[in-house]
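[1] here is a sequence with its predicted model. Questions after.
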Amino acid sequence: YEILAGIAEIDAGLTITITRADDIDAVLILQEDRGHLAPAQLRKRSNCAFIMEHRAMRKSTTLSAAITLALAGTTALAGNIATVNQTGVGNFGAVTQSGAVEPMTATIDTVGAYNHAYVDQYASDLAEATIDQDNSTFSGASVYQNYSYDSTATVEQVDTYASQAHIGQYASVGSDATIGQDGDAYSSASVNQSLSDGSVAEIDQVDTYASSAHVNQNYADASYADVNQEGAVSSLANTYQTGYADSAYVNQLYTVGSGAVITQNGTYNNAGVTQYFADYSQAAIDQLGYGNSAHTSQFDSDASVATTAQVGEYNYAGISQAYGELNDADIYQEGYANTAYIDQYGSNNEADIDQYGAYNYAHIYQSGEYNIAATYQDGVSNVATVAQYGVGSLGNENQAYVNQYNSGHLAHVTQAGGGGNYATVVQY
């Protein structure tokens, strides 16, 4: 790179302006202490912009910086403010802010391919970071707000192919992270909020073919994760939580051949997966602890699979599969006083509930034909009910199997709607 300008000393209250229009530009602005405003203007392609801001531990100091690439701009002094605007190919914009200045704001806007944006706000309470990327094929965006409090990070990518977005908020209590991707084939979005109690993570992907969304909230109590995928064919949504009273939800609409996975390790957690028009899709919820609840809904989804596994006490698991065929639902529970429900509306579906422990309850309802229902309970004083309503014919009948091991069990099977049905109850 050609060195355009160098400034070795910056006094308080000094304004610096750098303007160049060459093809290959590089700007580096370092600011320390207070009262600085640093606009720079660059044009054309292969530009690099770096902003590094540092606040010493002095009272009543204010720092602000702004770089504008491709468009001239102005900024007002209000805490630390950094702005980067880039248009073209192969640009890189980075903003680093640290200290306890309130508020602290960083904004990066890019238009073009192969652009990369990076924001790092370290130990910055009430910080705000925003990255917007448009028409950015093979581009990347990263925001880090570690050891912060009540900070907000937002990444928006539109019409970007094979791009990546990541937000990291480590040990940042009460922080919010939002990633939006629209029309991003083969793209990925991830949020890491480990040790960040009371934080919120949301990922929205629209028309994102073969893309992925990941949320990690490790040891983050009372946190919330929400992943929404619409038209995300062959995509994956994954959330992982280990904490107390966490919530995680995945919604997939028109997501053929996609998968949703929620893993929770803790107590009083909530998990939900909803899949609409998601043929050949899979939904899996795993919960370890007590007092957890999980529900999976699959509507108009053929040849899909839903599984839920819970280990602990007083857990609740429910699976609903409506207006579909060749679907499979499985619930596994281990512990005391757990409850499991499976409702299936359609034909050629299979439902299975396995429970190990005492005072558990299993219920399977199937409306349609050629369905199979099976329950297995190992323990004492368990209850199993199976209800099948549909048309059966010899050789293709509805089938119900109830197996209960040990003592004090109750089993009830109802089959209606035609002949050729088959039911067995084994208690031993």
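    Noted; the coordinates are in hand. Residues are numbered from 1 along each chain as shown.
[2] which ones are touching residue 316?
    For residue 316, the contact set (C-beta atoms under 8 Å, 6 or more residues apart in numbering) comprises 292, 293, 294, 338, 339, 340. From N, CA and C alone the C-beta is placed, and that goes for glycine too.
[3] partners of it in the sheet?
    With DSSP bridges as the criterion, residue 316 is bridged to residue 293, residue 339.
[4] heads up, I number from 307, so please use that
    Yes, from this point I'll number from 307; that puts the last item at residue 622.
[5] that one and residue 571: what is the separation?
    17 Å (C-beta to C-beta, to the nearest Å).
[6] give the residue spans of the stretch 607-734 of the chain that score low on pLDDT.
    Flagging of the stretch 607-734 of the chain using pLDDT under 70 yields the residue ranges 697-702, 724.
[7] next SSE downstream of the helix or strand where residue 604 lies?
    Assigned by DSSP states H and E, residue 604 falls within strand 599-605. Using DSSP H and E, the helix or strand that follows strand 599-605 in sequence is strand 611-617.
[8] elements contacting that following strand?
    strand 588-594, strand 599-605, strand 622-631, strand 634-642 (3 or more C-beta pairs under 8 Å, 6 or more residues apart in numbering; DSSP states H and E).
[9] rerun at 10 Å
    With contacts defined as 3 or more C-beta pairs under 10 Å, 6 or more residues apart in numbering; DSSP states H and E, strand 611-617 has these neighbours: strand 565-571, strand 576-582, strand 588-594, strand 599-605, strand 622-631, strand 634-642, strand 645-653, strand 656-664.
[10] could you check how far the third one is from the centre of its chain?
    On the basis of C-alpha atoms, centre = their mean, to the nearest Å, strand 588-594 is displaced by 14 Å from the centre of the chain it belongs to.
[11] then the fourth one?
    Taking the mean C-alpha point of strand 599-605 and that of its whole chain, the gap between them comes to 17 Å (C-alpha atoms, centre = their mean).
[12] okay, the angle between that strand and strand 645-653?
    Angle of strand 599-605 versus strand 645-653, following axes from the mean of the first three to the mean of the last three C-alpha atoms, to 10 degrees, is 0 degrees.
[13] what comes up buried for strand 599-605?
    For strand 599-605, a neighbour-count test (16 or more other C-beta atoms under 10 Å) marks 599, 600, 601, 602, 603, 604, 605 as buried.
[14] same question for the fifth one.
    By neighbour count on 16+ other C-beta under 10 Å, the buried set for strand 622-631 is 622, 623, 624, 625, 626, 627, 630, 631.
[15] OK, contacts around residue 442?
    392, 395, 397, 416-423, 463-467, 469, 490 (C-beta atoms under 10 Å, 6 or more residues apart in numbering).
[16] ok, residue 717 next?
    Residues in contact with residue 717 (C-beta under 10 Å, 6+ apart) are 668, 681, 683, 688-692, 706, 708-710, 731-733.
[17] which residues in the stretch 357-506 of the chain form strands?
    In the stretch 357-506 of the chain, the segments counted as strands under DSSP state E, counting those that start in this stretch are 374-375, 386-393, 398-404, 410-417, 422-428, 433-440, 446-450, 458-464, 470-474, 482-488, 494-498, 506-512.
[18] what's the least confident stretch among these?
    Lowest mean pLDDT within the strands of the stretch 357-506 of the chain: strand 374-375, at a mean of 36.
[19] pretty sure residue 567 is touching residue 558, no?
    No - Residue 567 is beyond contact range of residue 558, at 11.6 Å (criterion: C-beta atoms under 10 Å).
[20] among those two, which residue is more densely surrounded?
    Neighbour comparison, residue 567 and residue 558: the larger count goes to residue 558, with 29 against 19 (by other C-beta atoms under 10 Å).
[21] for that one, which residues count as its bridge partners?
    For residue 558, the beta-bridge partners are residue 535, residue 581 (DSSP bridges).
[22] tell me the bridge partners for the residue nearest to residue 399 when sequence neighbours are not counted.
    Nearest residue to residue 399, sequence neighbours excluded (C-beta to C-beta, 6 or more residues apart in numbering): residue 390, at 3.9 Å. Counting by DSSP bridges, residue 390 forms beta bridges with residue 414.
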